[in-house]
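1. here you go, sequence then predicted model.
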Amino acid sequence: MEQSIIQKMRNIGIVAHIDAGKTTTTERILYLTGVTRKVGEVHDGQAVMDFMKQEQERGITITSAAITTDWRNHQINIIDTPGHIDFTLEVERSLRVLDGIVMVFCAVGGVEPQSETVWHQADRYKVPRIAFVNKMDRPGGDLAQTIDMMNEMLGANAVAFQLPIGSEEHFSGIIDLVEMKAITYKDLDMEISEIPGELQEEAARKREELIEKLVDFDEKLMEKYVEEEPIYPEEIKAAARNAVLRLLITPVFCGSAFKNKGVRKLLDAIVDYLPSPIDRGIVLGYDKENPEVTISRRPSWKRPFSALAFKIINDTYVGQQTFIRVYSGELHSSSYIYNSTKDKRERIGRILRIHADERKELPVIRAGDIAALIGVKFTTTGDTLCDEANPILLENIHYPQTVIDMKISPTSIKERDKLGIALNKMALEDPSFKVRFDSETDETVISGMGELHLEVIVDRLKTEHNVAVEVGKPAVAFRETITREVRHGYKFRKQTGGHGQYAHILFRIEPNPGKGIEFLDKITGGNIPKEYIPAVEKGFLKIMEEGLLAGYPMVDIRFTLLDGSFHPVDSSEVAFRTCTELGLKEGVKKEISRLLEPIMKIEINTPDEFMGEIIGDINRRRGNIGNMRRYRKGSQKLAGKVPLMEMFGYASTLRTISSGRANYSMEFLQYAPLPKASQDEIAAEKRAKDKKSS
């Protein structure tokens, strides 16, 4: 009973490049499965899944939305994710907890830049997938070309499971190559018939190609194929499902979601080919006390409870909603659970199943479920919730680096507290959004993934949180590091009458490429008492956050506390923290400090005639184009890298160069050293600002 119920669950995501039709596809699924009674449209702001005001105004998805529906007695939990690169964390954390995805491609655009990003994110978590080629009714829509692009650019091993009937404005239906039937559409009605005579030969050839692809992965099918025995639809489905679960093929389906064509068959494909929690198998974690020890959890109601928190929303009416994916066991409302990441007990108030912006209360959730918890206080994105008697730590979520800064301030002193509370709530919801306070300039700085990301944050501050703010211009989020090892000793001594302050440390600070910020304690013999070591670490981390050259956070640095001394009366935690901060400022000279700038991966789709001028413009921006490939007839896809600080206003420049016919996409690639002249200029501006503020 239990296993059969879990076997009939599908936790899936609808993912794609922006404007490929993800939300429209999801809206048709909700309508056809009876969740909604009318079809919501993205273009008129009525989409169920785009319930945020900012999504409705912009016609794009900003936050991932979860919803539950049913098809063929299967429970389908759907997450509709954003396509814009600025909101890539929403895709990342959704993929972490999903069992399968539907990858939507535009039949005209094919594989777009964000398609590649999402595909590689799915590769990171080994998520099985099927593809839906949407907008087959558009001029230039081409299923074969899209499949070729998937194989060439993504290594998808994509294979057509359907053929279109008609093309562009004459697209009227599909041929099912598994059942070998023709399906035509008129409004919401679907008619199944025999394949038209003029398409029978092509359909037979494509079905043969499909079977030839599958026999490579299925011995029984291979035997029947070699013996030239008839192969039935159920055998094709079983072989295809097995290949999808092993990430060996990507079945491709087609249609036009806006015109209600192909969506029912896509729902069938979700049930037939994408995995259940049981198919995904055990989830691995580790022992918190000993990370070398691996712990497993099987998707069963009877196993100890384990779940991952993957999203937090602060709702005006119910407060904080913490979305979790349950991997094993069961959880009842009004019970207690253990947060193994934070080492805290949490009380569960209510459990909700989310229907976009509507809610249904549940008494219990079990292995395989996705739901929202109300009442938890300590849990944040990436935390593991589990049975306290059987603790486990699950793999966390990968967080991208922020690349854009913006200064923000309240319009009045009265708004200051409201601003702080609102920013903290939003940072809790979105780990790709950072907030820091510059105590030297008395300014709040917010950081995000791009200009649109911060624009939406500011809009939400004003509309959702009713905070009046003034904002500065977006600026590049530089980072600082050092180029060589430094050993330095510093003695802090201050007499103020009565007890003084005394601390003495000897430390080594060195580059730590690719390994982040690291603190090591090498004190022996009690030269510095253990109770003061955390104070040294706090002082180090504070300087890492504030920077030493130009006020930017520092990265990839290892600090080793080697030796020191203390005074039995005058030493304190405050003294050792202050000693560390002053010692770092004195010991790390500007000659060995380097500013790092974000380098972006850029992809530009352009007609051939503008290619030379576009490449020249990128070169002038200190970028380079490293790869060119045919995008479609008469067009090229240019791929390269370019410093973010040179790209403000690029959209209008590209429109001018190409007469509005080229488009581009950027995403963060890496941090790299800033040219010395630019570094000196930025550091000089920082010193001038500090002098002015003092």
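-> All right, it came through fine.

2. for Y664, give the beta-bridge partners.
-> I604 (DSSP bridges).

3. pretty sure it contacts I602?
-> Yes - in terms of CB atoms under 8 Å, Y664 counts as a neighbour of I602; the distance is 6.1 Å. C-betas here are computed from N, CA, C, even on glycine.

4. and these two? Which one has more around it.
-> Neighbour count, other CB atoms under 10 Å: between Y664 and I602, I602 has more, with 24 against 18.

5. secondary structure element holding the more buried one?
-> In this assignment (DSSP states H and E), I602 forms part of strand 593-607.

6. repeat for D417
-> Using DSSP H and E, D417 falls in helix 416-429.

7. quick one: name whatever helix or strand follows that helix.
-> strand 434-438.

8. and the helix or strand just after that next one, what does it pack onto?
-> As assigned by DSSP H and E, the chain's next helix or strand after strand 434-438 is strand 443-448. Here strand 443-448 touches strand 404-410, helix 416-429, strand 434-438, helix 451-463, going by 3 or more CB pairs under 8 Å, 6 or more residues apart in numbering; DSSP states H and E.

9. out of these, nearest to K302?
-> The closest of the helices and strands packed on strand 443-448 to K302 is helix 416-429. By CB to CB, the value is 33.6 Å.

10. which parts of the closest one are buried?
-> 418-419, 422-423, 425-429 (16 or more other CB atoms under 10 Å).

11. what angle sits between it and strand 443-448?
-> 20 degrees (axes from the mean of the first three to the mean of the last three CA atoms, to 10 degrees).

12. element containing P251, please.
-> Short version: P251 belongs to strand 250-254, going by DSSP H and E.

13. can you name the residues in contact with that strand?
-> 103, 107, 129-134, 136, 143, 146-147, 150, 156-164, 174, 240, 244, 262, 265-266, 269, 273 (CB atoms under 8 Å, 6 or more residues apart in numbering).

14. which among these count as buried?
-> Buried among the contacts of strand 250-254 by 16+ other CB under 10 Å: 103, 107, 129-134, 136, 143, 146-147, 150, 156, 158-164, 174, 240, 244, 262, 265-266, 269, 273.

15. what about stretch 490-503, average pLDDT?
-> Across stretch 490-503, pLDDT averages out at 86.

16. quick one: that stretch to chain centroid distance?
-> The chain centroid and the centroid of stretch 490-503 are separated by 48 Å, computed with CA atoms, centre = their mean, to the nearest Å.

17. which residue ranges of the stretch 1-150 of the chain form helices?
-> 2-7, 22-32, 53-58, 88-97, 113-124, 143-149 (DSSP state H, counting those that start in this stretch).

18. helices or strands up against the fourth one?
-> Translated: helix 88-97. Checking 3+ CB pairs under 8 Å, 6+ apart, helix 88-97 ends up next to strand 9-16, helix 113-124, strand 306-315.

19. strand partners (parallel or antiparallel) of the helix or strand hosting I192?
-> Under the criterion of DSSP H and E, I192 resides in strand 189-193. The strands beside strand 189-193 in its sheet (DSSP bridges) come out as strand 181-186 (antiparallel).
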